[in-house]
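Engineer: Compute the structure for the input listed below.
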Amino acid sequence: MSWQNFRHAEFKCRCGCNKNLIDSDFVDRLQRLRDRYATGVHVSGHAVDVLVSRVNAYDLIRCALELGFTGIGAMQHGPHKKRFVHLDDLRSLKGKWIRPMLWTY
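Structural biologist: Numbers count the residues shown, from 1 in each chain. From the prediction side, this is the model:
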């Protein structure tokens, strides 16, 4: 089982048992959906998620604001190796969002 945008390991149970009950046909459909609907921020070439935590996340966010990034999302709970900061430089979009924008996950 191989998909361009998904890894089998992403679907393992998070309780530590390492069971993976994901249905391959489901992920096949999910991949086709992503291929067809690839309009998300990350495929625009204007967004990234940076694996970072603790004071490093704070420093990254401070610098990103200084450098004019307009979208900053912080996910700073859970295991440190899975914490990240989303950065983008999208503009305001009438009726959808106003920039700059900060949020947490």
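Engineer: Report the secondary structure state of Leu102.
Structural biologist: strand (DSSP: H, G, I helix; E, B strand; the rest coil).
Engineer: Now it. Nearest residue, chain neighbours left out?
Structural biologist: In space, and not counting its chain neighbours, Leu102 is closest to Ile72: 5.1 Å by Cβ to Cβ, 6 or more residues apart in numbering. In this view, the C-beta of every residue, glycine as well, is placed from N, C-alpha and C.
Engineer: Tell me the spacing between the one you found and Asp23.
Structural biologist: Note on Ile72: its distance to Asp23, by Cβ to Cβ, to the nearest Å, is 35 Å.
Engineer: higher neighbour count, these two?
Structural biologist: Neighbours were tallied for Ile72 and for Asp23 using other Cβ atoms under 10 Å; the higher tally belongs to Ile72 (18 against 10).
Engineer: List the contacts of that one.
Structural biologist: Ile61, Ala64, Leu65, Val85, His86, Leu87, Pro100, Met101, Leu102, Trp103 (Cβ atoms under 8 Å, 6 or more residues apart in numbering).
Engineer: Buried only: go through the residues you listed for me.
Structural biologist: Listed as buried from the contacts of Ile72 are Ile61, Ala64, Val85, His86, Leu87; burial here means 16 or more other Cβ atoms under 10 Å.
Engineer: Now do the contacts for Met101.
Structural biologist: Contacts for Met101 were tallied using Cβ under 8 Å, 6+ apart; they are Thr70, Gly71, Ile72.
Engineer: Oh, that last question was meant for Leu30, not what I typed.
Structural biologist: Contacts of Leu30 (Cβ under 8 Å, 6+ apart): Trp3, Phe6.
Engineer: tell me which element it falls in.
Structural biologist: In the assignment (DSSP states H and E), Leu30 maps to helix 24-36.
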